[in-house]
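[1] Test case, fold it:
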Amino acid sequence: MDFRKNRSNAYGTEQDELPYQPITSRTATLSAAPATAVPEERFDAERSQKIGSGSLLETQAGLIIQNHNSRLEIAEFNWFGYNSKTLQVGEKSTINFTLGAQGMSEFSFDYFALHNHTTVMNFYDVNGTLIGSEKLLYTGSVTAKQFVIKTLSFTAPSGTQIVRAELVTGDEPAVGDYGFHVDNVRWAAAGLLPVNFTFDRMQKDTGTSATDFITKDGSAGRQVEGTLSRALSANETLEFWDGSRWVAASVNGMRWQAQDGTAHAADWEYRLRVVDAAGNATPEQSHQVVLDVTPPPVQVIFERMSRDDGVADDWRTADGSAGRLVSGSLDRTPDAGDVAEYSYDGGKTWHTLTLNGLDWSFTDPDDHSADWQYLIRFTDIAGNVAAPAVQDVVLLPLDITLSFDRMEKDTGASDSDFITRDGSAGRRVEGTLSRELNAGETLQFWNGTAWVNATATGLTWQAQDDAAHGGSWTYRLRVVDATGSTLEDQHQDVLLTPPSPVRVTFDYMEKDDGIAGDWRTSDGSAGRLVSGKLDRALSPGDVVEYSLDGGVSWQVASLNGLGWSFTDPAAHGQDWVYLVRIHDVAGNIAAPVSQTAVLLPPPPVSLTFERMDKDSGISATDFITNDGSAGRLVEGTLSRALSAGETLEMWDGQRWVSVSVSGLSWSAQDDAAHAADWQYKLRVLNPGGVPFHEQTQDVVLDLVLPDAAALAGMGKDSGLDVQNLYTSDGRAGRIYWGTFAAAETGARVEVTTDGGLTWHDALTDGNRWSWQDNEDHGADWTVQTRITDRAGNTYEGTPHQVRMDTTPPDHPDLINREGDRLTVSLKNSGVVAGDRIIVHIDGKNAFYTLTAADIQAGQAVVTLPANSRLSAEYRAAFMDAHGNVSDYFSRTPLIFDFEDQKAFNHPVKNKAYDFGLFSIIWSGSSANHGITGLAKEQGMQYPTNTLGITCVGDPVTLMLNHGKKSNKMTFEIKDLTLGDIRVEFYDDGKLAYNYTAYMRNGKYQYLTVDLPAGKEFTSIKFIPATSGDVLAIDNLNFWVYDDKIVSTETTQTVLNGDIISVGDNLDNIFIVNKVSDLSKIEIFNGNGGIDTLKLAGANQTLDLTSFLGKIQSMEVIDITGSGNNTLNLSLGDILQQGGKDLFNISGNVQMVVKGNAGDKINLSDLLPDKSDVGDWSSSGNVTVGGVTYAVWQHSALDAELLVQSGVTTNLLNH
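    Residues are numbered from 1 along each chain as shown. Next up is the predicted model:
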């Protein structure tokens, strides 16, 4: 490959699919290319073009490319960093490369993008002999992003030259025809090639072949053509010898032609030679022409033909029909190339004759009506035609036959049997001839008394008989020729008969379902056999006739000996009469015999209307529709099969129409259009068409749209408002419910949650509907209802937006307690008015609803439960309207009340006692120094057994540990009776502030000391004013806190009076000691995870149904407690609390009840709106986590309850 073509960009253009990869290896070649420069065709100078099939292109470098059958073109190639024009070759192609008059000693080219394994290059010498073949190797497909360039080269064997390089491409059907690319074709020229000629054809080459140079025409003026083995060079010319002189021949590529203007009287010779510019001529090459003007000498002998019905082989016959075989022989074997032909139409058309050695035969397909000829001729290879051999065939006249066909007054059943009861004079007799009369022939008729002339017209004849006949007689007919000879004589007997004396009786009738033979029946259906007898045999030609219509028309009955019978095809609706008579061959008719059949009343029948097409709406069988258009099938049933002859017809509101009956089913087509209510009628007609039973069916046409189906509620509607369609629970299995107009009872309600892409049938109970949503929702969605009334009228309700929010608010960033008030910062929390604050403190709970004023102020103040210890940890969280709860901000005040300390006295003087938050140093040591309850003994007003720091006269010092500092201090002083007390605040050993307590009444004092701005302390010294004064210090609040962010407690106890109790996304446990503790609950939501409501007491009854909407997402109810407990719950509760496939894979919403013997469940099948759509039933047992549960399955909705073994379940199916 010429890499110089891509100098400008080593990595190709922006269209390249892969970076350019240098090619370091090439395909091994048969022999190395010569070191010297060779001619080359790179195609860059060529015009981009397609080379059509059968076309050739000579490039500017002198390379001749001939396309035999390929997709071949010169086109720009711009992939993989290879930017150049190439020769693109299609699959299943043959391409030739030549240099015209020159041969080649070497030939090579580069190629790529070849993705088949069957492409080869063949090399031929001047004689067309294959001198070498090279296979092209697979290079990979451009579309597969493979790019390998290979080179093919070939050197001619010693003593030979490459005249033609032939590229034959393969195929890879699985890949498709992408073709491949050839470029940089190189060769080494090897001098002029020898030239050979072919003489292909000449004009006036007569005979069977136009290319054998054998002719009968030697006249002047013919063109001769042929081919050259190579193209002539520019200084070469071609000369042609026409038998008398050399003339110039014209050359076009590899073909030549010349004009022969000489007249020839005998065989002659053509020659060709090539002459160069110096006058040197190549050896001449010649071709012989044979001139033959002698016709073939073969003699034809006609021997025989089939259908020669006269004397054998006399070629005279009366049969001129088509399809006869003609055969004969030849006196000698024809010369090679001679062609035999035959004609059966006097030489108008000729057909090739089949020869078998010296025998020949052919089949004549024509009919002949007169004499004709057969001709046979021979044409030799030069086109000389011999005179045809002729055989005449004589067509003889046919014999004639005569027939009597009919006569007038031929009475009886047949008018052509020549049996009659009428012998009166004056009748015409007719018949036919087998051929027309020839000239001189006459037709004569004998009428029983004399010969008269008959009239012949074509192939028919007629004659008049004017004689009267008193008995049977004979007619005769003859043909007489011109000589008076009779050619044919035919006769016809005529029989004259009297009336028949035979007597007829009736014996039997089918379907005579009364007393046999009494001719009384309730079956008037069509198709009954009626039979009887004759008292004697009929004469030949006599018939028994019967009538079903009182003698208006008659048919022939079947006769078997003396028995006769016929089938009555008619249906009868009332009494009817049969008539039978004898009709003899001569036309005599006896008086008819009659028999009356009595039709009895039919058995009763009842009819029903079952369905009709276009019965729109919920039911296809209620005959309520909104479609009154024409064209509907109506169907129903019968209580019994119709009796024979009975039919049904239906009134379609406008007319009676026929009804199809199959067994006990019927159907009819109503093609009437209806604009209002209508009525169908159905009636039975007896065989006579008399109706005897009728049934009606009213059809209601309702075109009024129903009112919308209202949405009343949604399960798993979490948060503060359980009817606002705001929720944080998107789990599958929720229930929607609502109502529709009572007048639309029986309507169909559908629900969609995807904007109407799919609609789901809701369950209905009266005018209440419900539907279970088995899809999980992770974002907002819509709920829309569609109601279809019984007539099929449909109305879509307004879509309801369900807001989905699972994101909790941010936790409070600060809370602070001041006595019984808790201030909660709302900063950066994202809460809004209506959201709640949940507070836990000292085992008590507080709740607060945020107002707009709170949001504006950026903080809210919550009143804490009374008697909450000052040292108790307290925490607060936000809950939004959807029930999402934030983490808790927890604050533990560092308040020390000593109640959990062990009392002691006589501390070691000046020793630091570590109490965790702080350390204490007593300056004295006595029974009144230490942690004691001394104050009580002194009569102070303080709770019994209260401990605190005590000292008498000597100072006591408190030091904050862990590097903590504060600027505020709250404490209690007790028993201060003798004097004031001074409090000194130190910051890292330096006095920061002095404070003096002035009250000396010995009562409880609660003091708060605020240090001046910028002042802090790390230690405090309490100094009594007098040495004998007893000092007690308690409830130390250093205003230092332990703050942290905590999650919702996994286990919570619901307190009496609580209004909110919520979990997080973990598995939470909620302990309820008494059901009455839930009396004020507003929201009790487990949120995510599998949450458990656990009854801790005994003899409790938890009616879960009464808390609908308040208790949410409690997947497990544990009523084990400390004694026997009862749980009331419904289908609605399970759909509200449970989740899909929580405990085992069943596709159902599941809820679990735990308990033991003595515990009881009352399980109702009602939904929240009290509608009943199905029942509970047992579905076996299942083991979950090693515990066995009884499974209760609902019949209509995907819900199941798992009840721990031992717990009694009472089903309340409504």
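[2] from what I can see, A853 looks like it's in a helix, true?
    Yes. Applying DSSP: H, G, I helix; E, B strand; the rest coil, one finds A853 inside a helix.
[3] Distance check, it against Q859.
    Look at A853 and Q859: by C-beta to C-beta, to the nearest Å, they are 10 Å apart. C-beta here means a position set from N, CA and C on the backbone, and glycine is covered the same way.
[4] neighbour count winner among the two?
    Q859 (15 against 9; other C-beta atoms under 10 Å).
[5] tell me the pLDDT at the closest residue to that one other than its chain neighbours?
    Spatial nearest neighbour of Q859, excluding adjacent residues (C-beta to C-beta, 6 or more residues apart in numbering): S825 at 5.2 Å. pLDDT, S825: 94.
[6] S825: how many residues sit nearby?
    16.
[7] Is it correct that it is in contact with G858?
    Yes. Under the criterion of C-beta atoms under 8 Å, S825 makes contact with G858 at 6.9 Å.
[8] shared neighbours, the two?
    The overlap between the contact sets of S825 and G858 (C-beta atoms under 8 Å, 6 or more residues apart in numbering) is empty.
[9] Apart from its neighbours in sequence, what residue is nearest V577?
    T596 (5.1 Å).
[10] For the residue lying closest to Q49 once chain neighbours are set aside, give me its contacts.
    Distances taken as C-beta to C-beta, 6+ apart place I74 nearest to Q49, at 5.6 Å, with adjacent residues excluded. If you count contacts by C-beta under 8 Å, 6+ apart, I74 has them with 43, 46-49, 51, 85-88.
[11] of those residues, closest to T411?
    Distance to T411 across the contacts of I74 (C-beta to C-beta) is lowest for I51, with 94.9 Å.
[12] Please enumerate the helices of this protein.
    852-857, 934-937, 1131-1137 (DSSP state H).
[13] The lengthiest strand in the chain pairs with which strands?
    For the chain, the longest strand by residue count, based on DSSP state E, is strand 1030-1046. The pairing partners recorded for strand 1030-1046 under DSSP bridges are strand 888-896 (antiparallel), strand 948-952 (antiparallel), strand 968-974 (antiparallel).
[14] Would you mind finding the most buried of those?
    strand 948-952 (a mean of 25; mean count of other C-beta atoms under 10 Å).
[15] Report the backbone C-alpha coordinates of stretch 880-900 in PDB.
    Provided in PDB are the C-alpha atoms of stretch 880-900 (Å, rounded to 0.1, in the frame of the first residue of the first chain):
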ATOM      1  CA  ASP A 880     -44.600  16.500  58.400                       C
ATOM      2  CA  ALA A 881     -48.100  16.100  57.000                       C
ATOM      3  CA  HIS A 882     -47.200  12.800  55.400                       C
ATOM      4  CA  GLY A 883     -46.000  11.200  58.600                       C
ATOM      5  CA  ASN A 884     -42.300  11.400  57.800                       C
ATOM      6  CA  VAL A 885     -40.400  12.000  61.000                       C
ATOM      7  CA  SER A 886     -37.000  13.600  61.300                       C
ATOM      8  CA  ASP A 887     -34.100  12.500  63.500                       C
ATOM      9  CA  TYR A 888     -34.300  13.800  67.100                       C
ATOM     10  CA  PHE A 889     -32.200  16.500  68.500                       C
ATOM     11  CA  SER A 890     -31.200  15.100  71.900                       C
ATOM     12  CA  ARG A 891     -30.000  17.300  74.800                       C
ATOM     13  CA  THR A 892     -28.900  16.000  78.100                       C
ATOM     14  CA  PRO A 893     -28.400  18.800  80.700                       C
ATOM     15  CA  LEU A 894     -25.400  18.300  83.000                       C
ATOM     16  CA  ILE A 895     -27.500  18.600  86.200                       C
ATOM     17  CA  PHE A 896     -26.400  16.700  89.200                       C
ATOM     18  CA  ASP A 897     -28.900  15.800  92.000                       C
ATOM     19  CA  PHE A 898     -26.900  13.100  93.800                       C
ATOM     20  CA  GLU A 899     -29.900  10.800  94.200                       C
ATOM     21  CA  ASP A 900     -28.100   8.000  92.500                       C
END
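[16] for the record, mean pLDDT for that stretch?
    On average, the pLDDT along stretch 880-900 is 85.
[17] switch to numbering from 544
    From this message on, residue numbering opens at 544, which makes the last subject stretch 1423-1443.
[18] any weak-confidence spans in the chain?
    544-581, 623-624, 684-689, 716-721, 1477-1488, 1518-1522, 1541-1547 (pLDDT under 70).
[19] The same query, at a cut-off of 50, please.
    For the chain, residues meeting the criterion pLDDT under 50 lie at 544-579, 1480-1486.
[20] T698 touches S651, doesn't it?
    No. Counting by C-beta under 8 Å, T698 stays clear of S651, with 9.1 Å between them.
[21] Count residues in the vicinity of V1597, would you?
    Neighbours of V1597 using other C-beta under 10 Å come to 21.
[22] and it, what is it in contact with?
    1604, 1613-1616, 1620-1621, 1624, 1627.
[23] Distance of it relative to G1014?
    134 Å.
[24] And D910, by the same measure?
    49 Å.
[25] In this structure L1638 contacts D1661, no?
    Yes. The pair L1638 / D1661 is scored as a contact, 6.8 Å apart, by C-beta under 8 Å.
[26] Show the residue spans covered by the strands in the stretch 994-1143 of the chain.
    Per DSSP state E, counting those that start in this stretch, the stretch 994-1143 of the chain carries strands over the ranges 994-996, 998-1000, 1003-1008, 1016-1023, 1029-1039, 1047-1052, 1063-1064, 1071-1077, 1086-1090, 1098-1099, 1101-1103, 1106-1111, 1119-1126, 1136-1142.
[27] Identify the residues contacting the first one?
    Where contact means C-beta under 8 Å, 6+ apart, the residues beyond strand 994-996 that reach it are 985-989, 1006-1007.
[28] List the neighbouring strands of that strand plus their orientation.
    strand 985-989 (antiparallel).
[29] Enumerate the positions of the strand it pairs with that are buried.
    Neighbour counts over strand 985-989 (16 or more other C-beta atoms under 10 Å) mark 986-989 as buried.
[30] how big is the angle separating that strand from strand 1003-1008?
    40 degrees (axes from the mean of the first three to the mean of the last three C-alpha atoms, to 10 degrees).
[31] could I get strand 985-989 in PDB with only the CA atoms?
    C-alpha atoms of strand 985-989 as PDB (Å, rounded to 0.1, in the frame of the first residue of the first chain):
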ATOM      1  CA  THR A 985     -84.800 -38.500 -51.900                       C
ATOM      2  CA  LEU A 986     -86.600 -39.400 -48.600                       C
ATOM      3  CA  GLN A 987     -89.900 -41.400 -48.700                       C
ATOM      4  CA  PHE A 988     -92.400 -42.100 -45.800                       C
ATOM      5  CA  TRP A 989     -94.900 -44.900 -45.400                       C
END
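[32] now that strand, how far from the chain's geometric center?
    The chain centre lies 86 Å from the centre of strand 985-989; the measure is C-alpha atoms, centre = their mean, to the nearest Å.
[33] same check, this time on stretch 799-816
    On C-alpha atoms, centre = their mean, the centre of stretch 799-816 falls 75 Å from that of its chain.
[34] now what about it, what contacts it?
    Contacts for stretch 799-816 (C-beta under 8 Å, 6+ apart): 740, 742, 745, 761-771, 781-788, 790-793, 824-834.
[35] Mark which of the residues you listed are buried, thanks.
    Of these, these count as buried by 16+ other C-beta under 10 Å: 740, 742, 745, 761, 765, 767-769, 771, 781-786, 792, 825, 828, 830, 832.
[36] What's the end-to-end length of stretch 925-940?
    45 Å (C-alpha to C-alpha, to the nearest Å).
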